[in-house]
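In: Okay, here's the prediction I keep looking at, along with the sequence it came from:
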Amino acid sequence: MKTLIFDEPNRPVVTEVQMPRMTANEVLIRSRRVGICHSDYELLAGRYIIPIAYPVTPGHEWVGEVVEVGANVTGLQPGDRVVGECVIQTPERIHHFGFSMDGADREFFAARPEWLHKLPDAVDDAKGALIEPFTCGYYAVLRHGGVNAADTVVVSGGGTIGLVTAAAAIGMGARVIVVDPVALRRDIALRLGAASVVNPAEGDPVEAVQTLTKGGADLVVECAGHAASLANVFDYARPEGKVSMVGINIGQKIPVELGKIQIKNLTVKGCIGSPGVWPAAIRFLERTGLDLTPIQTHSFPLAEALTALELGQNPERAVKITLEIA
């Protein structure tokens, strides 16, 4: 079968490998669509938040179809469309699917049923490939109990995670403002239903947000992890406001006036991953009918994965690139 492998840091290859072997406690899955994530580029560069070893097959944002079921497996059958969580507890250790163990950028792979969630018919493959990042944005909003039509949410950073966070808040009824310097991302935010967008390259974004919100947002979600975004995030919030920190920035020291947390009496929570929210996030997408497809700007067959990886490093041209495998 065909697979994408990061053979060593900065060396991606598309090659042929043997079909995986499935145990009685596993199911065999045919990959259908797999998204390329920013963290895949971190893996390709030779760094990740947990220890990694090469060669490794990436791919943790995926939707697939069950083609064979192990003798001991119940609750799944051939033809079921499924998605899978990334943080996986095995008898040996906690794994990150697509990082410390091979991921879904291959035609077939075996998986344990406890990692998986079935997709309802209303959630098609395009949305299915976005469920993993969507759960992260959904979780970031739920960290503070969720929002409703009375609330204004500012999302700082309009990459994939910022856009799915905006979509989650919009689906809950909130008024959403997205701050990002890239025109393509701002355009997609508006197509998703954002009320306003702010270009931080065209003036003081804090002043723009304060004007739009008349005093600050009820909830601010930091999704960029960049110094400028982190420096402004507390200023976007109103007094007594809430902040979810999603953007990853490890190993850097950034000057931020932490006293604003106290002065404004802010509630700040860190967010990593999406523990415990997958079933609810899938139901949310099914019932709201949220259209996430504007986030998927490009699709490539697996054979053209190297071209896809190259394009994905240009934020002016692409947001979410998906590999279509089956």
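Out: Thanks, I have the structure now.

In: Residues touching stretch 260-268, excluding its own?
Out: Outside stretch 260-268, the residues within contact range by C-beta atoms under 8 Å, 6 or more residues apart in numbering are 144, 234-235, 237-243, 245. Backbone N, C-alpha and C define where each C-beta goes, glycine included.

In: Give me the buried positions along it.
Out: Using 16 or more other C-beta atoms under 10 Å as the test for burial, stretch 260-268 gives 264, 266, 268.

In: Also stretch 236-255?
Out: 236-238, 241-247.

In: same question, stretch 223-239
Out: Applying 16+ other C-beta under 10 Å to stretch 223-239 flags 223-226, 228-230, 232-238 as buried.

In: How about stretch 178-196?
Out: 178-182, 184-186, 188-189, 192-194, 196.

In: Report the rounded mean pLDDT for that stretch.
Out: Per-residue pLDDT over stretch 178-196 has a mean of 98.

In: ok, and what's touching it?
Out: Under C-beta under 8 Å, 6+ apart, the answer for stretch 178-196 is 154-159, 162-163, 166-167, 170, 175-177, 197-201, 205, 209, 212, 224, 229, 236, 291-292, 294-295, 297, 315-319.

In: The closest residue to residue 85 other than its chain neighbours: neighbour count?
Out: Nearest-residue entry for residue 85: residue 115, 5.4 Å, with adjacent residues in sequence omitted and distances by C-beta to C-beta, 6 or more residues apart in numbering. Neighbour count for residue 115, taken as other C-beta atoms under 10 Å: 20.

In: Residue 115 against residue 87, yeah?
Out: No - the criterion here is C-beta atoms under 8 Å, and residue 115 misses it with residue 87 at 9.3 Å.

In: Find residues that contact each of those two.
Out: Shared contacts of residue 115 and residue 87 (C-beta under 8 Å, 6+ apart): residue 97.

In: circling back: in helices, which of the buried residues of stretch 236-255 fall?
Out: Among these, DSSP state H puts residue 236 in helices.

In: Looking at the buried residues of stretch 236-255, which are in strands?
Out: Counted as lying in strands by DSSP state E, out of those, are 237-238, 241-245.

In: quick one: which two of those residues are the most distant?
Out: Using C-beta to C-beta, the two most remote members of these are 238 and 245, lying 17.2 Å apart.

In: Okay, helices next: where are they in the stretch 201-326 of the chain?
Out: Assignment of helices within the stretch 201-326 of the chain using DSSP state H, counting those that start in this stretch yields the ranges 205-213, 227-236, 259-263, 278-288, 305-311.

In: tell me what the second one is packed against?
Out: Packed against helix 227-236, as judged by 3 or more C-beta pairs under 8 Å, 6 or more residues apart in numbering; DSSP states H and E, are the following elements: strand 152-156, helix 205-213, strand 217-222, strand 237-245, helix 259-263.

In: what lines up beside the fourth one in the sheet?
Out: Pairing partners of strand 237-245, with direction, according to DSSP bridges: strand 217-222 (parallel), strand 267-270 (parallel).

In: and the shortest one, how far from the chain's centre?
Out: For strand 267-270, the distance from its own C-alpha centre to the chain's C-alpha centre is 19 Å (C-alpha atoms, centre = their mean, to the nearest Å).
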